[in-house]
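Chemist: fold the stuff below for me.
(chains A, B, C and D)
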2 protein chains.
Amino acid sequence: MVDKSKKEQILDAAEKAFSERGPFGVSLRDIARDADVDVSLVTYHLGKREDVYDAVIMRRLETLNTERRKYLDEAIRHAAPESPSLEAIIDAFSHAMLNRVETGGEGWGRYMSLIAQMNNNPEWGGKMMNRYFDPLVKSFVEVFREILPHADDADLYACYHFFSGALTLTFANTGRIDQLSEGSLKSADFDAMHQRLVPFICAGFRALCEKKEK
Amino acid sequence: MVDKSKKEQILDAAEKAFSERGPFGVSLRDIARDADVDVSLVTYHLGKREDVYDAVIMRRLETLNTERRKYLDEAIRHAAPESPSLEAIIDAFSHAMLNRVETGGEGWGRYMSLIAQMNNNPEWGGKMMNRYFDPLVKSFVEVFREILPHADDADLYACYHFFSGALTLTFANTGRIDQLSEGSLKSADFDAMHQRLVPFICAGFRALCEKKEK
DNA sequence: GTCTATAGCTTGATAGAC
DNA sequence: GTCTATCAAGCTATAGAC
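Modeler: Model prediction:
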């Protein structure tokens, strides 16, 4: 295995720190110390703290969203000329996250925590999520509309929002459910959680979007 | 209206800052400046930063959880001797949050953002949520078990987890859904979101927990 | 690319006046 | 309870050696 470049070391350290303490709770020195480099090198490679945070997000974003889009296309192609099932689409959106945390190493796990916290931040989080994810989400919403033709937009977007909250928390790796459930569920068993998430969310979508004959 | 005590002013300012920048992203000086008092007064009343954060959480926690427990008891009493409906219980858990953000002023809105971010933090968030909310949650889970007698614990807790993620994001006030939906949904219209949340979540619970005849 | 050195600001903590 | 004053430590940013 080739040595990681210093830049990668810095990004790894920053990812860890940001996921634990948030974008404003981390000093460049914290990052440099953990990456075992000098502070000035952080600035040299990545700029100011804000830019470091952005670089951390961007590093894995393309991989994640490209894989999601691939799953979406496959689901559509596989079902054609019929419409794909709702299950297939919910799975397409969430399965890439499952793949990464299961096989991508610790870094990807921390990345999911980062996204979950961004998703829930009132000040800048919503705007950043819009910037990074809305183009992809809109592609998915188009397909939802096709599968659930009687749904109105407000219901559809509300469903997506609930899905988003459940999904990001599920992969946020908080360990909460382990203690609450006294061992009957392991939050680190992402596969088991994901298997339950898909039918749960599909049932929710259908309850709101399916029988709108008023 | 009586003037707020300085201590309350400090807690208000801290709540705002913590909700925007996280528990590690706020200096005592940030808080003092916004509360229009000297730094040393923050320490005098509330101690170190960690203690300030804890005090912010504790200030509204009792109110929230007491109201939830009241709703739970009412739902049970109202349905007796039958079991209450799943809808009634999901509503009991979430309606207190709706009440507070609708009538409690800005502070309560920020508080919900704070809880949402705590819920999604991997390092300390899960532990704090366990500490603050598990006793109440366990009371609710007991009732879920009664209503859904064929569910096994793992499914039940997974459902609660998904509920928790959707619920906290819904009240986190991120504004995300406004832009994504191009105006067809206002995330500040909590009542409209809550009306959709309840049937969505109930359908999810039923999909996983109802027909376990294998 | 990587580090050392340094300048100037911000921070948490505390001692003491009123 | 509230404020002023102060200090050592930690912070960002940058200039410059290798």
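Chemist: which parts of the longest helix anywhere in chain A are buried?
Modeler: Longest helix of chain A, by residue count under DSSP state H: helix A:49-79. By neighbour count with 16 or more other C-beta atoms under 10 Å in any protein chain shown, helix A:49-79 contains the buried residues A:49, A:52-57, A:59-60, A:64-65, A:67-69, A:71-72, A:75-76. Where you see a C-beta, it was placed from the backbone N, CA and C, and this is true even at glycine.
Chemist: quick check: mean pLDDT of it?
Modeler: Taken as a whole, helix A:49-79 has a mean pLDDT of 97.
Chemist: next one: stretch A:109-126
Modeler: Per-residue scores along stretch A:109-126 average to 97.
Chemist: what residues does chain A have near DNA strand C?
Modeler: A:5-7, A:37-41, A:44-45 (C-beta under 7 Å from any atom of the strand).
Chemist: chain B: which of those residues is nearest?
Modeler: Within these, proximity to chain B (C-beta to the nearest C-beta) peaks at residue A:39, which comes in at 18.4 Å.
Chemist: how about that closest one, nearest residue that isn't a chain neighbour?
Modeler: residue A:32 (4.4 Å; C-beta to C-beta, 6 or more residues apart in numbering or on different chains).
Chemist: can you check what angle separates the strand or helix carrying the one you found from helix A:49-79?
Modeler: In the assignment (DSSP states H and E), residue A:32 maps to helix A:28-35. Between the axis of helix A:28-35 and that of helix A:49-79 there is an angle of 60 degrees, by axes from the mean of the first three to the mean of the last three C-alpha atoms, to 10 degrees.
Chemist: now for helix A:28-35, which elements pack on it?
Modeler: Using 3 or more C-beta pairs under 8 Å, 6 or more residues apart in numbering or on different chains; DSSP states H and E as the contact criterion, the neighbours of helix A:28-35 among helices and strands are helix A:6-21, helix A:39-46, helix A:49-79.
Chemist: quick one: distance of that helix to the chain centre.
Modeler: Using C-alpha atoms, centre = their mean, to the nearest Å, the distance from the centre of helix A:28-35 to the centre of the chain it belongs to is 25 Å.
Chemist: list the buried residues for it?
Modeler: Buried residues in helix A:28-35, counting neighbours by 16+ other C-beta under 10 Å, are found at A:28, A:30-32, A:34-35.
Chemist: backbone dihedrals for residue A:210, both of them.
Modeler: The phi and psi torsions at residue A:210 (degrees, to the nearest 10) take the values phi -90, psi -60.
Chemist: quick one, what contacts residue A:38?
Modeler: Residue A:38 is in contact with residue A:32, counting by C-beta atoms under 8 Å, 6 or more residues apart in numbering or on different chains.
Chemist: quick one: the longest helix of chain A near chain B?
Modeler: No - applying C-beta under 8 Å from any C-beta of the partner chain, one finds helix A:49-79 out of contact with chain B, separated by at least 10.6 Å.
Chemist: save the residues of chain A next to DNA strand C as TSV, and put in pLDDT too.
Modeler: As requested, these are exported to TSV (pLDDT from 0 to 100):
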residue	pLDDT
A:5	93
A:6	95
A:7	96
A:37	97
A:38	97
A:39	97
A:40	97
A:41	97
A:44	97
A:45	97
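Chemist: please pick the buried ones from the residues you listed.
Modeler: Judged by neighbour count, with 16+ other C-beta under 10 Å as the criterion, the buried members of the residues of chain A next to DNA strand C are A:6-7, A:37, A:41, A:45.
Chemist: could the buried residues of helix A:28-35 be laid out in a markdown table, adding pLDDT?
Modeler: Formatted as a markdown table, the buried residues of helix A:28-35 follow (pLDDT from 0 to 100):
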| residue | pLDDT |
| --- | --- |
| A:28 | 98 |
| A:30 | 97 |
| A:31 | 98 |
| A:32 | 97 |
| A:34 | 97 |
| A:35 | 97 |
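Chemist: closest to residue B:88 among the residues you listed?
Modeler: The shortest distance between residue B:88 and any of the buried residues of helix A:28-35, using C-beta to C-beta, involves residue A:30 and amounts to 47.6 Å.
Chemist: contacts only, for the closest residue to that closest one other than its chain neighbours.
Modeler: With sequence-adjacent residues excluded and distances taken as C-beta to C-beta, 6+ apart, residue A:30 is closest to residue A:17, at 5.2 Å. Taking C-beta under 8 Å, 6+ apart as the definition of contact, the neighbours of residue A:17 are A:26, A:30-31, A:34.
Chemist: out of the residues you listed, which is nearest to DNA strand C?
Modeler: Within the contacts of residue A:17, proximity to DNA strand C (C-beta to the nearest atom of the strand) peaks at residue A:31, which comes in at 12.1 Å.
Chemist: check contacts around that closest one.
Modeler: Counting by C-beta under 8 Å, 6+ apart, residue A:31 touches A:10, A:13-14, A:17, A:42, A:52.
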